[in-house]
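[1] Sequence first, then the predicted structure, then my questions.
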Amino acid sequence: MTDYTQLYNKLSSIIDKNNIKTNELLKNHTYTKLGGKADIFLTPTTYEEVQAVVKFAKQENVPFTLLGNGSNLIVKDGGIRGIVILLKNFNRISVEENFLTAQSGAAIIAASQYALKENLTGLEFACGIPGTVGGALFMNAGAYGGEIKDVLAHAIVIDCNGEIVKRTAEDLELSYRTSNIPEKGDIVLEAIFKLRPGKYEEIKAVMDDLTFKRESKQPLEYPSCGSVFKRPPGYFAGKLIQDSGLQGKQIGGAQVSTKHAGFIVNKDNATAEEYISLIKYVQKTVKEKFNVELEREVKIIGEDL
């Protein structure tokens, strides 16, 4: 069993004590409002601190988990062992010519709004994606016909050995809602997007239209992880779920949204176990009715109680 008191003391020589917490409740850091406690919870403020933590964890053989803003994530009720790193302090965005640089903890929505301000087009599709820049790269996020791989020039990451390296879009092997970032163990520090000059009014019109579509169709009034399932070839996940008669289906506090069947909402203080049980129930029912396998888009991490 790991001595977390000793671990805390060692980490406090790497990171300011104000940025280290123990037994932090992760439901406070996820869109679904689900998740148990993290043993050690870090919010580093410099790239060097992240490097030091990665090297320390490897040296001490302590597991560590990277958390974005928890928008496409379910953390189980038992929480996460070892170290959890939240990169919320890395949120700077800047523009040089047609290149927009956004740190991994910045909201991808904020990056799209910054591009608008600078009269740059290409990131409009991201104006309603509720994740961080790092998370958007991690899963090659996309919406309304656009995706990260269309506009990413390169990324700066910390590799599994704690070294800062540059990765091109090709290096990251971005494809439908996937990348090789988890497989390689990279931590995204910043992304550089190659955009194009555009007209403010035209860019804003597209973003306003996409925002209206999102707000009118998605159940934003309840906590959720966004779209739960990937789009199955030849089908729409939401339509399959709706045609299976599952809209409104509830297990505990988790419910298949009555507004958009592709979403599962935390309607009434759901546990992660209830939320995951409902996901499995939906998969089983759709398989029985239509012989279509629904593959999860949302990632599930952590331990059961």
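    Here it is on my side, so go on.
[2] Any stretches of this structure with poor pLDDT?
    1-3 (pLDDT under 70).
[3] Quick one: the helices in it, in order.
    4-11, 47-60, 108-117, 133-138, 181-184, 200-217, 237-243, 272-290 (DSSP state H).
[4] from the ones you listed, which stretch is densest packed?
    helix 133-138 (a mean of 28; mean count of other Cβ atoms under 10 Å). Where you see a C-beta, it was placed from the backbone N, CA and C, and this is true even at glycine.
[5] Can I get the helices of the chain in TSV including distance to Gly162?
    TSV is the format used below for those (distance: least, Cβ to Cβ, whole Å):
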stretch	distance to Gly162
helix 4-11	15
helix 47-60	4
helix 108-117	26
helix 133-138	17
helix 181-184	13
helix 200-217	38
helix 237-243	38
helix 272-290	31
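[6] Among the ones you listed, single out whichever gets nearest to Tyr31.
    When those are ranked by distance to Tyr31, counting by Cβ to Cβ, first place goes to helix 133-138 at 10.6 Å.
[7] so who does Phe99 touch?
    With contact set as Cβ atoms under 8 Å, 6 or more residues apart in numbering, Phe99 has these partners: Ala153, Ile192, Phe193, Lys194, Leu195.
[8] By neighbour count, which of the residues you listed wins?
    Taking other Cβ atoms under 10 Å to define a neighbour, the member of the contacts of Phe99 with the most is Phe193, carrying 26 neighbours.
[9] The helices of the chain: which one's closest to Asp39?
    Shortest separation from Asp39 across those is recorded for helix 4-11, at 5.3 Å, computed as Cβ to Cβ.
[10] Check which helices and strands that closest one is in contact with.
    Using 3 or more Cβ pairs under 8 Å, 6 or more residues apart in numbering; DSSP states H and E as the contact definition, the elements that helix 4-11 packs against are strand 20-25, strand 37-42, helix 47-60.
[11] List of residues touching that helix?
    For helix 4-11, the external contacting residues (Cβ under 8 Å, 6+ apart) are Ile20, Thr22, Asp39, Ile40, Leu42, Val53, Phe56, Glu60, Val62, Ile83.
[12] export the residues you listed to CSV and tack on distance to Pro219?
    Output for these, formatted as CSV (distance: Cβ to Cβ, whole Å):
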residue, distance to Pro219
Ile20, 36
Thr22, 34
Asp39, 33
Ile40, 34
Leu42, 32
Val53, 36
Phe56, 41
Glu60, 42
Val62, 38
Ile83, 33
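[13] from those, which would you call buried?
    Neighbour-count burial within these applies to Ile20, Asp39, Ile40, Leu42, Val53, Phe56, Val62, Ile83; the criterion is 16 or more other Cβ atoms under 10 Å.
[14] Which of those residues sits closest to Gly234?
    Where the buried ones among the contacts of helix 4-11 are concerned, and distances follow Cβ to Cβ, Gly234 has its nearest neighbour in Ile83, at 42.2 Å.
[15] what does stretch 247-265 contact?
    With Cβ under 8 Å, 6+ apart, stretch 247-265 has contacts from 217-219, 222-229, 236-239, 241-242, 246, 266-271, 273-275, 277-279, 281-282.
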